[in-house]
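In: predicted model, plus sequence, below.
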Amino acid sequence: MKIAVYHNLHSGGAKRTLCAITSRLGQQHAIDLYDLSCSDHKFCDLSEAVQQTYTYRFDPLPQLHRPFGRLNYGVRWWDLMRLERLHRQIAADIDSRGYDVVYVHPCQFAQTPGIIRYLRTPVLYHSREPLRAAHEPEVPRSYRVVRKTSKFLDRLDFLRSAFENKRSQIDRGNVLAATTLIANSYFTREAIYRIYGADARVVYHGIDSEKNRPLGLERENLVVAVGALTPLKGFDFIIRSLALVRAEVRPSLIVASNYQEAQEKQYCEDLARQSGVQVQFMNMVSDETLLELYNRAQVVACASILEPFGLVPLEAMACAAPVVAVAEGGLRESVVPGVTGYLVDRSPAEFGQAIARLVTDPALARRMGEAGRDLVLREWTWEKAVGKLNAHLEACAGARK
């Protein structure tokens, strides 16, 4: 097949997954890449996996500062309108080049990219998650507390309403315009149906078990947590949980990120200092360093709030590290409780107890880590994942929008 791939992703798990998929699809099909100048090109570079790359210039307008901060919603609304015009152009270019199918990935500005409804070529949209900001409450934080006057003004802020409505309109319209929808977990599939009334097929991720592998390093009294340093990742919950572990056995914590929100980092640092938990925050972590961290960790902790799927548990298991995760979202679909780690309620006491059980019983942690590695080798291969995806691409190519 002749496939066009479109994305506007920043660095992170979605881009890492797209890179792995594209490199394997490129061995079977002719693939061209379409992206924007503001997409992250250095992280998991896709250029070697495709035949042609078409990058379109898009520069988000600069954000304003006080006392004009409220106008930023208008700036972001205008960015969406500019992006819509550009998506119409990209869609026309793709349609003119005779592709069998367009494989579309999310947009960092509107979640589901506006290109979909302008395309005449069949579209398979790989949804990582719905537009969560429009459908879930904001995670409460003390540094977000605003005066009652500000809350009143928010309700009257027509620019904010215009931006949020436009973003939701773009997202919903394009989800419903896709020829085929695939989701990365059954949890995400259910969310797509509940929010959009659309059906999706589940295609799980694979894991490169050669890249993610045991290194034979000595395990330390260390917990590793991985992900963007934002409230949704639940690093504060992990800190609170570790604070309940007896001081004489309490492990240290390393938070490895590729992006950090300054206020959230300060919040977690203050919480750790008050709780007596030793934490190191690492940013822009390389693949080599991340592999080493997975191999040093006695436990990998996952506490993201309603994580759509989550690559971290699979990467950890591939490195023979046991996982302690909250029993929420897609995390329930990868961690096998009592076998490859523990799934517990969002209770700091229960989460801390599960971590303590593993750090005080290295033999148990080793058995669970080895079981996780075996599970990845059997069930979470890229060959299985790409084979299923390829079948959906072929079926989509034979359909018309």
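Out: Cool, got the structure. Keep in mind that what you see is a predicted model, and the values were worked out from it rather than measured. Residues are numbered from 1 along each chain as shown.

In: contacts only, for residue 198.
Out: By Cβ atoms under 8 Å, 6 or more residues apart in numbering, the contact list for residue 198 reads 175, 176, 181, 192. Every C-beta, even on glycine, is put in place using the N, C-alpha and C of the backbone.

In: okay, it: pLDDT?
Out: Per-residue confidence (pLDDT) for residue 198: 96.

In: for it, phi and psi?
Out: Phi and psi for residue 198, reported as degrees, to the nearest 10, are phi -110, psi 150.

In: which parts of the stretch 301-401 of the chain are helices?
Out: 312-318, 348-359, 362-379, 382-397 (DSSP state H, counting those that start in this stretch).

In: other residues contacting the top helix by length along the chain?
Out: Among the segments of the chain that qualify as a helix by DSSP state H, the longest is helix 72-95. Taking contacts as Cβ under 8 Å, 6+ apart, the residues outside helix 72-95 that touch it are 4, 6, 34, 36, 54, 56, 58, 60-64, 102, 107, 109-110, 113-115, 118-121, 157, 159-160, 162-164, 166-167, 170.

In: among the helices of the stretch 301-401 of the chain, which is the most enclosed?
Out: Most buried of the helices of the stretch 301-401 of the chain, by mean neighbour count (mean count of other Cβ atoms under 10 Å): helix 312-318, with a mean of 28.

In: tell me how far it lies from the chain's centre.
Out: 14 Å (Cα atoms, centre = their mean, to the nearest Å).

In: low pLDDT regions in the stretch 1-150 of the chain?
Out: 67-68, 145-150 (pLDDT under 70).

In: which non-adjacent residue is nearest residue 240?
Out: residue 348 (4.4 Å; Cβ to Cβ, 6 or more residues apart in numbering).

In: list the contacts of the one you found.
Out: Contact analysis of residue 348 by Cβ under 8 Å, 6+ apart lists 237, 240, 241, 243, 244.

In: make it 10 Å
Out: With contact set as Cβ atoms under 10 Å, 6 or more residues apart in numbering, residue 348 has these partners: 236, 237, 238, 239, 240, 241, 242, 243, 244, 245, 303.

In: before we move on, the earlier item: widest-spaced pair of the contacts of residue 198?
Out: 176 and 192 (10.5 Å; Cβ to Cβ).

In: who has more neighbours, these two?
Out: residue 192 (20 against 14; other Cβ atoms under 10 Å).

In: show me the contacts for the more buried one.
Out: Residue 192 neighbours (Cβ under 10 Å, 6+ apart): 127, 129, 130, 175, 181, 182, 183, 198, 199, 200.

In: switch the cut-off to 8 Å
Out: By Cβ under 8 Å, 6+ apart, the neighbours of residue 192 are 127, 130, 175, 181, 183, 198, 199, 200.

In: that older thread, distance of the residue nearest to residue 240 relative to residue 50?
Out: In this view, residue 348 and residue 50 are 46 Å apart by Cβ to Cβ, to the nearest Å.

In: next one: residue 369
Out: Taking Cβ to Cβ as the measure, residue 369 falls 36 Å from residue 50.

In: residue 8 now?
Out: Counting by Cβ to Cβ, the gap from residue 8 to residue 50 is 16 Å.

In: neighbour count for those two, which is higher?
Out: residue 8 (25 against 20).

In: OK, contacts around residue 221?
Out: Each residue near residue 221 by Cβ under 8 Å, 6+ apart is listed here: 249, 251, 252, 298, 359.

In: now, of those, which are buried?
Out: 251, 298, 359 (16 or more other Cβ atoms under 10 Å).

In: just name the closest of those residues to residue 333, please.
Out: residue 298 (23.9 Å).

In: the closest one and residue 251 touch, don't they?
Out: Yes. Assessed by Cβ atoms under 8 Å, residue 298 is found in contact with residue 251 at 6.4 Å.

In: between those two, which contacts overlap?
Out: Shared contacts of residue 298 and residue 251, counting by Cβ under 8 Å, 6+ apart, come down to 220, 221, 222, 223, 359.

In: inside helices: which ones of those residues?
Out: Filtering the shared contacts of residue 298 and residue 251 for helices - DSSP H - leaves residue 359.

In: got the shared contacts of residue 298 and residue 251 as TSV, with distance to residue 205 columns?
Out: Formatted as TSV, these follow (distance: Cβ to Cβ, whole Å):
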residue	distance to residue 205
220	28
221	30
222	26
223	23
359	28
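
In: can you flag which of the shared contacts of residue 298 and residue 251 belong to strands?
Out: 222, 223 (DSSP state E).

In: can you list the domain ranges for the protein.
Out: Domain assignment for the chain by automatic domain parsing gives 2-206+382-397, 222-379.

In: which one of these is the most hemmed in?
Out: Mean neighbours per residue, mean count of other Cβ under 10 Å, is largest over these for domain 222-379, with a mean of 20.

In: mean confidence for that one?
Out: What domain 222-379 shows for mean pLDDT is 97.

In: any chance of the contacts of residue 192 in TSV, with distance to residue 43 too?
Out: Output for these, formatted as TSV (distance: Cβ to Cβ, whole Å):
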residue	distance to residue 43
127	21
130	24
175	26
181	26
183	23
198	30
199	32
200	26
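
In: find the pair from those residues with maximum spatial separation.
Out: Most distant of these, by Cβ to Cβ, are 130 and 199, 13.9 Å apart.

In: could you pull out the helices for the stretch 1-150 of the chain?
Out: In the stretch 1-150 of the chain, the helices defined using DSSP H, counting those that start in this stretch lie at 13-25, 72-95, 132-135, 148-156.

In: list of residues touching the third one?
Out: Outside of helix 132-135, the residues that reach it under the criterion Cβ under 8 Å, 6+ apart are 164, 167, 168, 171, 195, 232, 306.

In: tell me how far the last one lies from residue 336.
Out: Look at residue 306 and residue 336: by Cβ to Cβ, they are 20 Å apart.

In: and which of the contacts of residue 348 is nearest residue 288?
Out: Lowest distance from residue 288 to the contacts of residue 348 (Cβ to Cβ) belongs to residue 238, with 23.9 Å.

In: residues touching the closest one, list them.
Out: 223, 225, 253, 301, 303, 351.

In: same thing but 7 Å
Out: 225, 253, 301, 303 (Cβ atoms under 7 Å, 6 or more residues apart in numbering).

In: tell me which of the residues you listed is nearest to residue 139?
Out: Distance to residue 139 across the contacts of residue 238 (Cβ to Cβ) is lowest for residue 303, with 12.0 Å.
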